[in-house]
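A.B. asks: Need a 3D model of the sequence below.
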Amino acid sequence: MQTLYSFLWYLLLPLLFLRLWLRGRQAPAYRQRWKERMAWGYRPGTLKNSIWVHAVSVGETLAAVPMIERLLADYPDTPLLVTTTTPTGSERVKALFGDRVTHVYCPWELPTALNRFLRAFDPKTVIVLETELWPNLCAAVKRHGAKLMLMNGRLSEKSYRGYRKLPRLVRPMMARFDALAVQTPVERERYIALGAWPERVHAIGSVKFDMSLDDTVRQAAASLRGEIGERPVWIAASTHPGEDEPVLAAHQALRQVLPNALLVLVPRHPERFDSVAQLIRQQGLELARRSRQEAIAADTRVYLADTMGELLMLFGVADVAFVGGSLVPVGGHNLLEPAGWGKPVVTGPHLHNFTAIAGLLDDADALALVDNADALAIALQALFRYPEQRQRQGQAAAAVVEANRGALEKGLELISEQL
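C.D. replies: Here you go, the predicted model:
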């Protein structure tokens, strides 16, 4: 089965390069550093006995920041390799860690590419984040003789059902993990049912609860809020295609009640920034773009946050937070960043990537679920009309984050056992 799986990857190789080229029309960075996708050009022994941390994109990278900082502090003499698969993730790694870590793209799921990669960077321990379950990667790591660990693992019911259809491919992959730190007891049972060794699977919670709001982030948020002034401010974060229209419609409805309300709109992917700006103008809304350092004037109705790596700070600017990827069937995004700021959280119904976290916030009455523009507008109007309710929901959200901290320390203990 794994041989067939690898053969299919080689057959798809021309399409993979074509996909990069097509994505590069809107995001030129996809047309760069192609050799890294195949692990070409690396010198064997570039690193020795490294720790390799793999995060896909921005969300996983940001979730891994506290862990990476601790690894740098606790193992100063061990080279640390951090890989991503997207240009935005790559930019975040470089901005956050500079030359303190080695960063390249993770190679594609091809045995030859993975073998070249492992000979070059020689990891003794490999830590993959959240949902990065790749049969060939796992097999190559074990052939290399390294320890393999899953950190902050999550597995939705939908993904679980999909993996169950391929037991001859999935069960050997799961059995190769030396340790799996997963988020919930339900997910622990799913991983075990798919073939992971029970004694190696630990439900430790989500490391996203261990988020940190340092002084730099707080000061930046306070500075921007001071620039905005005393206006009702809400943020629509990580929006996907199909969500910007209902968000803007809800904002127009909110302005019927609060004419000076300001929307901070943060599209998920940078290749959409210009098209979203055009959509805002088509709605007849005055726009300021953060990337151009345009001032937020009294008549600015939408502040387009078309930069990367600032979302956590921007949550601190708003009074109410809507988290996207949820009005369309993407599965949602991180609800804990606004919760950590003590902001009431509003989101759509498609939350299959964050079921447990959404459940905790919902149980604490810290989450409002909406399914269209009208419901979003009603929720926003209620939260702005009743400040006590807004404060109560925000405090409840912050309490959920505080009560569930500790996964990072448990995960670091498991990592230490693999080193």
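A.B. asks: Kindly state the domain boundaries assigned to this protein.
C.D. replies: Annotated domains of the chain cover 2-206+406-418, 215-403 [automatic domain parsing].
A.B. asks: helix or strand for the spatially most central residue of the chain, which one?
C.D. replies: Geometric centre of the chain, nearest residue: residue 59, 1.8 Å, by Cα atoms, centre = their mean. Element membership of residue 59, judged by DSSP states H and E, is helix 58-74.
A.B. asks: And that helix, what's buried?
C.D. replies: With burial defined by 16 or more other Cβ atoms under 10 Å, the residues of helix 58-74 counted as buried are 58-68, 71. All C-beta spots, glycine's among them, are computed from the backbone N, C-alpha and C.
A.B. asks: who does the helix or strand harbouring residue 115 touch, helix- and strand-wise?
C.D. replies: For residue 115, the enclosing helix or strand under DSSP H and E is helix 111-121. Secondary-structure packing of helix 111-121 (3 or more Cβ pairs under 8 Å, 6 or more residues apart in numbering; DSSP states H and E): helix 135-144.
A.B. asks: For the helix it packs on, give me every contacting residue.
C.D. replies: Contacts to helix 135-144, defined as Cβ atoms under 8 Å, 6 or more residues apart in numbering, come from residues 2, 5-6, 9, 106, 109-111, 114-115, 118, 122-123, 126, 128, 148, 169-170, 172-173, 176-177.
A.B. asks: after it comes which helix or strand?
C.D. replies: Secondary structure here is assigned by DSSP H and E; on that basis, the next helix or strand after helix 135-144 toward the C-terminus is strand 147-153.
A.B. asks: what angle sits between that following strand and helix 135-144?
C.D. replies: Compare the direction of strand 147-153 with that of helix 135-144 by axes from the mean of the first three to the mean of the last three Cα atoms, to 10 degrees and you get 140 degrees.
A.B. asks: chain center to strand 147-153: distance?
C.D. replies: Computed by Cα atoms, centre = their mean, to the nearest Å, the chain-centroid distance of strand 147-153 equals 16 Å.
A.B. asks: now do stretch 42-61
C.D. replies: In terms of Cα atoms, centre = their mean, the gap separating the centre of stretch 42-61 from the centre of its chain is 18 Å.
A.B. asks: pLDDT value on residue 132, please?
C.D. replies: The confidence metric pLDDT takes the value 88 at residue 132.
A.B. asks: Tell me the secondary structure at it.
C.D. replies: Reducing the assignment to helix, strand or coil with DSSP: H, G, I helix; E, B strand; the rest coil, the entry for residue 132 is coil.
A.B. asks: Please apply the same query to residue 350.
C.D. replies: From three-state DSSP, the assignment for residue 350 is coil.
A.B. asks: got the residue ranges for the strands in the chain?
C.D. replies: Using DSSP state E, the strands of the chain run over 50-54, 80-84, 102-105, 123-129, 147-153, 179-182, 201-203, 233-239, 262-267, 287-289, 302-304, 320-323, 345-347, 367-369.
A.B. asks: Quick one: end-to-end distance for stretch 362-370.
C.D. replies: Between the opening and closing residues of stretch 362-370 we find a distance of 13 Å, counting by Cα to Cα, to the nearest Å.
A.B. asks: For the longest helix along the chain, the averaged confidence score.
C.D. replies: Longest helix in the chain by number of residues, with DSSP state H as the criterion: helix 2-23. With pLDDT averaged residue by residue, helix 2-23 scores 95.
A.B. asks: got the buried residues for that helix?
C.D. replies: Buried positions in helix 2-23, judged by neighbour count with 16+ other Cβ under 10 Å: 6, 9, 16, 20, 23.
A.B. asks: for stretch 256-266, same thing?
C.D. replies: Of all the residues in stretch 256-266, those buried under the rule 16+ other Cβ under 10 Å are 261-266.
A.B. asks: Find the residue ranges of the stretch 1-150 of the chain scoring beneath the pLDDT cut-off.
C.D. replies: Low-confidence segments of the stretch 1-150 of the chain, defined by pLDDT under 70, are absent.
A.B. asks: Quick one, which of the strands of the chain gets closest to residue 390.
C.D. replies: Proximity of those to residue 390 was assessed by Cβ to Cβ; the nearest stretch is strand 320-323, lying at 6.8 Å.
A.B. asks: list the buried ones in stretch 385-398?
C.D. replies: Of all the residues in stretch 385-398, those buried under the rule 16+ other Cβ under 10 Å are 390, 393-394, 396-398.
A.B. asks: show me what contacts the spatially closest residue to residue 106 that is not a sequence neighbour?
C.D. replies: Residue nearest to residue 106 in three dimensions, not counting chain neighbours: residue 83, with 4.0 Å by Cβ to Cβ, 6 or more residues apart in numbering. Applying Cβ under 8 Å, 6+ apart to residue 83 gives the contacts 52-55, 103-106.
A.B. asks: Going by neighbour count, which of those residues comes out on top?
C.D. replies: Within the contacts of residue 83, neighbour counts (other Cβ atoms under 10 Å) peak at residue 55, which reaches 30 neighbours.
A.B. asks: So that residue sits against residue 64, correct?
C.D. replies: Yes: the pair residue 55 and residue 64 passes the contact test of Cβ atoms under 8 Å, sitting 5.1 Å apart.
A.B. asks: follow-up on the earlier one: list the contacts for the residue nearest to the centre of the chain?
C.D. replies: Here residue 59 is in contact with 333-334 (criterion: Cβ under 8 Å, 6+ apart).
A.B. asks: try residue 405
C.D. replies: If a contact means Cβ under 8 Å, 6+ apart, then residue 405 has 209-210 as its contacts.
A.B. asks: pLDDT value on it, please?
C.D. replies: You'll see residue 405 listed with a pLDDT of 93.
A.B. asks: now swap in the one 3 residues further on and tell me
C.D. replies: The predicted local confidence for residue 408 comes out at a pLDDT of 94.
A.B. asks: follow-up on the earlier one: just the buried residues of the contacts of helix 135-144.
C.D. replies: Among the contacts of helix 135-144, those that count as buried by neighbour count (16+ other Cβ under 10 Å) are 6, 9, 106, 109-111, 114-115, 118, 122-123, 126, 128, 148, 170, 172-173, 176-177.
A.B. asks: which residues are in contact with the longest helix of the chain?
C.D. replies: Outside of helix 2-23, the residues within contact range by Cβ under 8 Å, 6+ apart are 30-31, 34, 37, 108-111, 135-136, 139, 169, 172, 271.
A.B. asks: go on, stretch 88-106?
C.D. replies: Under the contact criterion Cβ under 8 Å, 6+ apart, stretch 88-106 has outside partners 29, 33, 36-37, 46-47, 50, 54-58, 60-62, 65, 68, 72, 79-85, 117, 121, 137, 269-270, 308-309.
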